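Student: give me a model of this one.
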Amino acid sequence: MSLLLMILGAVLVAVLVAFVIVKYLPLNLRWIPSILLLVIAVYLGTLIYKGVMEPINFNKQKVVRFAKVVEKLKIIRDAEVKYYDVNGVYTKDKAGLIKFIDTAQLAITETKTIVEKENRGGGVIVDVEKRVVDTIGYEPVLKYFKNKDYKTMFSVPGVPNTEFELEIGNVEKLPGLVVPTFRARTPKEGVLEGMSKSLIKQELEAIETDQIKGEYVSVGSLEEVTTGGNWPPSYDKRDSAKKEE
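Tutor: Sure, this is the predicted structure:
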């Protein structure tokens, strides 16, 4: 809005200068306002260029910043999932989660189908198939975090002295079935610090499917059973492209 007002103001000044030239100035002095008009034209062109490029540059820069945040959230998500696989719950202990990656062992299981005889009574014996899960060994959780900077996964990239919020909860998925949940997040505003305040305000209100919705960049949820993030698929495609390279 301020940019539009500045452009309208410059146009108004240009019109007034042109009016003065035609109405009052003699021919030998008309070169002065002509230079003034040229300056105004250059100024208007600069304003228009900045007005067009500012949101374009903002969108490019925000994707770069958000991509680093998403990368960290994915590591946190993977750590929580492995913790759940071993313990059956999630954790909000950040230091404990890092230690878990360093020290925990994950069971390697094998599922087999066996056939047992079942006496149904009256001399009726039937074959019944059953699935049996056996533990055939263990592997370090650390194996799944090779080449991942999990030691600093809670530090928000580009935001000094700030860590991701980490919370756990429970959701009743079905009557009588309570399922553990977790959520890690950080405010967008902090990640975008130093950029256009008006564009940041628009970003915090984003609801488009190709944008990170809302005021936070987050993974997991305390309201529903999910380990997904609130970022669009484009951020996952960026990771796939890097792996292929």
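
Student: can you name the residues that contact Pro232?
Tutor: 209-212 (Cβ atoms under 8 Å, 6 or more residues apart in numbering). For the C-beta atoms, the positions are set from N, CA and C on the backbone; glycine is no exception.

Student: next, count neighbours for the nearest residue to Met153 once chain neighbours are set aside.
Tutor: Among residues not flanking Met153 along the chain, Ile75 sits closest, at 4.3 Å (Cβ to Cβ, 6 or more residues apart in numbering). Ile75 has 20 neighbours, counted by other Cβ atoms under 10 Å.

Student: for Ile75, give me the pLDDT.
Tutor: We have a pLDDT of 97 for Ile75.

Student: helix, strand, or coil at it?
Tutor: helix (DSSP: H, G, I helix; E, B strand; the rest coil).

Student: my guess is it meets Lys148, correct?
Tutor: Yes - Ile75 is in contact with Lys148 according to Cβ atoms under 8 Å; the separation is 5.3 Å.

Student: what's the closest non-adjacent residue to Thr209?
Tutor: Pro232 (6.5 Å).

Student: err, Thr226, not the other one
Tutor: That would be Gly220: by Cβ to Cβ, 6+ apart, it lies 6.5 Å from Thr226.

Student: list the contacts of the one you found.
Tutor: By Cβ under 8 Å, 6+ apart, Gly220 lies in contact with 77, 80, 181-184, 226-229.

Student: do the same with Ile114
Tutor: Contacts for Ile114 (Cβ under 8 Å, 6+ apart) come out as 129-130, 132.

Student: how about a cut-off of 7 Å?
Tutor: Residues in contact with Ile114, defined by Cβ atoms under 7 Å, 6 or more residues apart in numbering, are 130, 132.

Student: which helix or strand contains it?
Tutor: With secondary structure defined by DSSP states H and E, Ile114 is part of strand 105-121.

Student: any stretches of this protein with poor pLDDT?
Tutor: 1-11, 13-15, 17-34, 49, 238-245 (pLDDT under 70).

Student: just the helices from it, written as ranges.
Tutor: Per DSSP state H, the chain carries helices over the ranges 2-23, 31-87, 94-103, 188-191, 197-204, 233-244.

Student: domain map for the protein?
Tutor: Structurally, the chain divides into domains by automatic domain parsing as follows: 2-51, 62-102+149-244.

Student: thinking again about what came up before, most neighbours, which of the contacts of Pro232?
Tutor: Neighbour count (other Cβ under 10 Å) singles out Ile212 as the most crowded of the contacts of Pro232, with 24 neighbours.

Student: and that residue, how far from Leu166?
Tutor: Per Cβ to Cβ, to the nearest Å, Ile212 is found 19 Å from Leu166.

Student: again, but for Ser155
Tutor: 12 Å.

Student: which of these two has more neighbours?
Tutor: Set Ser155 next to Leu166 and count neighbours by other Cβ under 10 Å: Leu166 wins out with 19 against 15.

Student: beta partners of that one?
Tutor: Beta-bridge partners of Leu166, counted by DSSP bridges, are Ala184.

Student: just Val133 next, same as before
Tutor: Thr111.

Student: out of the helices of the chain, which one sits most buried?
Tutor: For the helices of the chain, the largest average neighbour count (mean count of other Cβ atoms under 10 Å) is found in helix 188-191, namely a mean of 19.

Student: which strands and helices sit next to it?
Tutor: Contact here means 3 or more Cβ pairs under 7 Å, 6 or more residues apart in numbering; DSSP states H and E; on that basis helix 188-191 packs against helix 31-87, helix 197-204, strand 216-220.

Student: any chance of CSV for those, columns distance to Val159?
Tutor: Converted to CSV, those look like this (distance: least, Cβ to Cβ, whole Å):
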stretch, distance to Val159
helix 31-87, 9
helix 197-204, 14
strand 216-220, 11
